[in-house]
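[1] okay, structure incoming, though there's no sequence with it:
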């Protein structure tokens, strides 16, 4: 799929989202960050599935970025 | 000397106002009072920090934030 072998997936648990505008907000804010390849946020499952560049980011940094947005986030997988 | 800094923040739902509150709570005792009005999309923050420092924090929520004014307590 052309994605370099530096990419990996992680699942971040995200508490505090109540509607789709929170989901879109997280996806657009985190989506543009350096090292984020893709992010899908699920309101129902209260989690974010993130594909990231391992040479730039790690799961706990991603969780902190979401936490800085005012949601309660921690690495799930 | 604390001041009350007033901002407008593009909040659409309660989840958004909670997120703003949580971001400000992280500043701990540097912020002594937070008053968020969802309808008016206004956030009043009583703090010893400068409005710029608080503006920076609020921008991290990914929402549109505008600084309105500061007034002495």
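    That came through fine. If you're wondering where the values come from, they're calculated on a predicted model, not measured in any experiment.
[2] how about the helix or strand of chain A with the lowest mean pLDDT: buried residues?
    Taking mean pLDDT, DSSP states H and E as the measure, the helices and strands of chain A show their lowest mean at helix A:20-31, namely a mean of 94. Buried residues in helix A:20-31, counted by 16 or more other C-beta atoms under 10 Å in any protein chain shown: A:21, A:22, A:23, A:25, A:26, A:27, A:29, A:30. Heads up, the C-betas are built off the backbone N, CA and C, glycines and all.
[3] buried residues of the very next helix or strand once past it, list them for me.
    Moving toward the C-terminus from helix A:20-31, the next helix or strand (DSSP states H and E) is strand A:36-42. Buried positions in strand A:36-42, judged by neighbour count with 16+ other C-beta under 10 Å: A:36, A:37, A:39, A:41.
[4] tell me what the last one is bridged to.
    Right, residue A:41. residue A:48 (DSSP bridges).
[5] for residue 25, which residues are in contact?
    This is for chain A. A:69, B:16, B:61, B:62, B:63 (C-beta atoms under 8 Å, 6 or more residues apart in numbering or on different chains).
[6] wait, I meant chain B there
    B:31, B:34.
[7] now the longest strand seen in chain A against helix A:20-31, angle please.
    With secondary structure taken from DSSP state E, chain A has its longest strand at strand A:7-15. Interaxial angle, strand A:7-15 versus helix A:20-31 (axes from the mean of the first three to the mean of the last three C-alpha atoms, to 10 degrees): 150 degrees.
[8] burial measure for the residue lying closest to residue A:10 once chain neighbours are set aside, as a count.
    In space, not counting the residues next to it along the chain, residue A:10 is nearest to residue A:59; the distance is 4.1 Å by C-beta to C-beta, 6 or more residues apart in numbering or on different chains. By the criterion of other C-beta atoms under 10 Å in any protein chain shown, residue A:59 has 19 neighbours.
[9] correct me, but residue A:59 touches residue A:12?
    Yes. Residue A:59 is in contact with residue A:12 according to C-beta atoms under 8 Å; the separation is 6.9 Å.
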